[in-house]
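Asker: Here is the input, now give the coordinates:
(chains A and B)
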Protein chains: 2
Amino acid sequence: MDILDIIKNRRSIRKYQKKEVPKEVIKDILTAAFYAPSAGNARTFEFVVIDDKEILGKIPKIHPYAAMCAFADKAIVVCGNLDKEKYDGFWSQDCSAATENLLLMAHALGVGSVWCGIYPEKDRVESFKKLLNLPKAVIPFAICPLGYPDESHQSKERYNEDAVFYNSYSKD
Amino acid sequence: MDILDIIKNRRSIRKYQKKEVPKEVIKDILTAAFYAPSAGNARTFEFVVIDDKEILGKIPKIHPYAAMCAFADKAIVVCGNLDKEKYDGFWSQDCSAATENLLLMAHALGVGSVWCGIYPEKDRVESFKKLLNLPKAVIPFAICPLGYPDESHQSKERYNEDAVFYNSYSKD
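Answerer: Numbering: from 1, shown residues only, chains lettered A, B, ... in the order given. Predicted structure coming up:
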């Protein structure tokens, strides 16, 4: 697959088959995430893989848009460790780039996922901190359920000339 | 190229050949950026392509780590339009995912780039707003110079088992 096809055809997948996502696949997905760029190469990202069904089952109660996690084989919580930050305020950008790599890699390996935002919603951050026993400096950023897709969506055109400008924010 | 190879071998490139990056290549790079996921599918990102050498030449004065822009063929400023936001506080994550797609696509097409952060540094945000005549609701997020590489860097191993946890933030 061409990378532009992978990028274009990745869609949010919220329904999964009852089929295991093997450890080797998880490792490739995490590897892609680890190679994300980060401010000052600080690599502030850390990952909590959830494969305990009891824990997955608790997620719908603490996140309003992540009910599908209860039916996923696994989930990865992308976290930012503030103690690793070199440039203040950039850790969430590191984590976003890592999350995007994670989603692209999952899709390329046939695994469905969806980016469920945690940070900056305070209630979600506190609930996930408790659920996963995160220390003070580690902020849960997003949760991505993982499972082989049981739905598919066609991609629509997203290139938008109206949102492209040259040298100045003006269409003249 | 395999997507994991593209992700692993993408590095920050700060030295460029004096060679034009054609419009078709810019369009593919922007297309990849437009297909980034966004909170509520709000697609808050907008892009200012800079190909005016005079404007590129002014960037080293307003960004402490983007001097290489003066020697790049072009640069893309990724911006977030707050008027398009559906979920407050998530626009910078949309822009981060778009920036990562942009960098991956550039690398896949043989074009070098580097993510130079603008937001949340207030001075940089204000300076880029003036330089590009951005309206109030449009926040400059990052600038990525683009040029055919005149340097190369080998990738080092970045998978870090110490930053991977299972079900709980504990290594026991």
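
Asker: I'd guess A:C95 is in a helix, am I close?
Answerer: Yes - A:C95 sits within a helix when classified using DSSP: H, G, I helix; E, B strand; the rest coil.

Asker: Need the nearest residue in space to it, chain neighbours excluded.
Answerer: A:F141 (4.1 Å; CB to CB, 6 or more residues apart in numbering or on different chains). Bear in mind the C-beta positions are built from the backbone N, C-alpha and C, glycine included.

Asker: okay, the host helix or strand of the one you found in PDB with CA atoms only?
Answerer: The secondary structure element spanning A:F141 is strand A:138-146 (assigned by DSSP states H and E). The C-alpha atoms that make up strand A:138-146 are tabulated as PDB, following Å, rounded to 0.1, in the frame of the first residue of the first chain:
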ATOM      1  CA  VAL A 138       2.000  11.300  33.700                       C
ATOM      2  CA  ILE A 139      -1.100  12.700  31.900                       C
ATOM      3  CA  PRO A 140      -3.400  10.400  30.000                       C
ATOM      4  CA  PHE A 141      -3.800  12.000  26.500                       C
ATOM      5  CA  ALA A 142      -5.900   9.700  24.300                       C
ATOM      6  CA  ILE A 143      -7.200   6.200  24.200                       C
ATOM      7  CA  CYS A 144      -7.200   4.100  21.000                       C
ATOM      8  CA  PRO A 145      -9.200   0.800  21.100                       C
ATOM      9  CA  LEU A 146      -7.800  -1.900  18.800                       C
END
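
Asker: what packs against it?
Answerer: Applying 3 or more CB pairs under 8 Å, 6 or more residues apart in numbering or on different chains; DSSP states H and E, we find strand A:138-146 packed against strand A:45-50, strand A:74-81, helix A:91-108, strand A:116-117, helix A:122-131.

Asker: From A:M105, how far out is the residue in chain A that chain B sits nearest to?
Answerer: Nearest residue of chain A to chain B: A:S96, at 3.2 Å (CB to the nearest CB). Counting by CB to CB, to the nearest Å, the separation of A:S96 from A:M105 is 15 Å.

Asker: Settle it for me: which of those two has more neighbours?
Answerer: Neighbours per residue (other CB atoms under 10 Å in any protein chain shown) separate A:S96 from A:M105, with A:S96 holding more: 31 against 24.

Asker: My understanding was that the more buried one contacts B:Q93; is that so?
Answerer: Yes - with contacts counted by CB atoms under 8 Å, A:S96 reaches B:Q93, the gap being 4.6 Å.

Asker: So for the two, which residues contact both of them?
Answerer: Taking CB atoms under 8 Å, 6 or more residues apart in numbering or on different chains as the contact criterion, the common neighbours of A:S96 and B:Q93 are A:A142.

Asker: Tell me who's in contact with A:V48.
Answerer: Contacts for A:V48 were tallied using CB under 8 Å, 6+ apart; they are A:I76, A:V77, A:C79, A:L132, A:L134, A:P140, B:F165, B:Y166, B:N167, B:S168, B:Y169.

Asker: for it, which residues make a bridge with it?
Answerer: When assigned by DSSP bridges, A:V48 has beta-bridge partners A:V77, B:F165.

Asker: ok, it to A:L131 distance?
Answerer: Applying CB to CB, one obtains 9 Å for the distance of A:V48 from A:L131.

Asker: repeat for A:K23
Answerer: From A:K23 over to A:L131 the distance is 22 Å, taken as CB to CB.

Asker: Contacts only, for the most centrally placed residue in chain A.
Answerer: Of all residues in chain A, the one closest to the mean position by CA atoms, centre = their mean is A:T99, 3.7 Å from it. Taking CB under 8 Å, 6+ apart as the contact definition, A:T99 lies against A:A33, A:V78, A:W115, A:F141, A:A142, A:C144, B:Q93, B:A97.
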